[in-house]
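Novice: Whatever this is, show me its structure:
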Amino acid sequence: MISSSGIGRSIAVLMAREGADISIVYLADEEADAKETKALVEKEKRKCLLIPFDLTQWKICNTVIDAHVQEYGRIDVLVNNAGKQEMENDFEKINLDTVESTFQANILQMFAITKYALPHMHKGSSIINSTSVVTFRGTSSMIDYASTKGAIVGFTRSLAKNLIKKGIRVNAVAPGPVHTPLQPASRPAEQMEGFGEGAQLGRPGQPSEIAPSYVFLASNESELYHGQILHPYALGD
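Specialist: The predicted structure follows:
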């Protein structure tokens, strides 16, 4: 279950190249992106099911799992990649409704999707969550976002312990600055100037450089990985 653009698109295409059939959950106003990703997956001769759904409606997101299972019958890999971020430099002005919706979009739906997916998973299945470098470095302008990403780290490590005896692996990926549609959508245009240039590599990452981490964690080669966080960014950023 992955988003339809940016890192999600790269994950979908790369996993399709490895032989996976894909389901993509997307917001209704992102249908064009979803269809483009579907076409890229199908170009790899794999199936791609599009599921329009707002995951902040986490109380009824079992319908997403139902749609996937009706199409494919089971879940081998669950990628929890959907999320949102908004910037606010003055904490006194932070909108608590925005905080609530960020938690709904980034962590509550992850709990719900995973809960409903588990009955359809099996020994050897893999759950891969998207967190962020800001969990470990902190950020002055996205405190709610960083808090949810920190919660995802705790969720990942704790769920890994919970499921290890069932043979289901749970891990996460924590990218550094990556140039995706989420970035310009969440900040003024002037703040995109020089985005990522302060990183030690002198540039932001690209989604295609992040996706291999997910493919590795989905593969049998990562059987020793339980509760681990992969960091695809230069050490010390």
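
Novice: hey, let's count contacts and neighbours off CA atoms from now on
Specialist: Will do.

Novice: Got phi/psi on the residue in the chain sticking out farthest from the centre?
Specialist: What lies farthest from the middle of the chain is residue 92; by C-alpha atoms, centre = their mean that is 29.1 Å. Here is the backbone geometry of residue 92 (degrees, to the nearest 10): phi -60, psi -20.

Novice: Return the distance of it relative to residue 21.
Specialist: Computed as C-alpha to C-alpha, to the nearest Å, the residue 92 to residue 21 distance reads 46 Å.

Novice: do the same with residue 72
Specialist: 8 Å.

Novice: same check, this time on residue 207
Specialist: Distance, residue 207 to residue 21, using C-alpha to C-alpha: 20 Å.

Novice: hang on, the earlier thing: can you tell me how far the residue farthest from the centre of the chain sits from residue 103?
Specialist: 19 Å.

Novice: same deal with residue 39?
Specialist: Taking C-alpha to C-alpha, one finds residue 39 at 31 Å from residue 103.

Novice: More neighbours: which of those two?
Specialist: Shown here are residue 39 and residue 103; by other C-alpha atoms under 10 Å, residue 103 has more neighbours (23 against 16).

Novice: Show me what the strand or helix carrying the more buried one is packed against.
Specialist: Counting by DSSP states H and E, the element that carries residue 103 is helix 96-103. For helix 96-103, the packing partners by 3 or more C-alpha pairs under 8 Å, 6 or more residues apart in numbering; DSSP states H and E come out as helix 143-163.

Novice: And the next helix or strand past the helix it packs on?
Specialist: Immediately after helix 143-163, counting by DSSP H and E, sits strand 169-173.

Novice: And that next one, what's buried?
Specialist: Within strand 169-173, the residues that count as buried by 16 or more other C-alpha atoms under 10 Å are 169, 170, 171, 172, 173.

Novice: What of stretch 204-218?
Specialist: 204, 205, 207, 208, 210, 211, 212, 213, 214, 215, 217, 218.

Novice: and those, which of them are in helices?
Specialist: Using DSSP state H, the subset of the buried residues of stretch 204-218 located in helices is 207, 208, 210, 211, 212, 213, 214, 215, 217, 218.

Novice: any residues touching stretch 113-124, and which ones?
Specialist: Residues outside stretch 113-124 that contact it (C-alpha atoms under 8 Å, 6 or more residues apart in numbering) are 58, 61-62, 64-65, 69, 73-76, 78, 166-169, 220.

Novice: Which members of these are positioned in strands?
Specialist: 78, 169 (DSSP state E).

Novice: among the contacts of stretch 113-124, who's most crowded?
Specialist: Neighbour counts for the contacts of stretch 113-124 (other C-alpha under 10 Å) peak at residue 169, which has 29 neighbours.

Novice: returning to that earlier point: export the buried residues of strand 169-173 to JSON lines and tack on distance to residue 34?
Specialist: Output for those, formatted as JSON lines (distance: C-alpha to C-alpha, whole Å):
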{"residue": "169", "distance to residue 34": "28"}
{"residue": "170", "distance to residue 34": "26"}
{"residue": "171", "distance to residue 34": "25"}
{"residue": "172", "distance to residue 34": "23"}
{"residue": "173", "distance to residue 34": "22"}
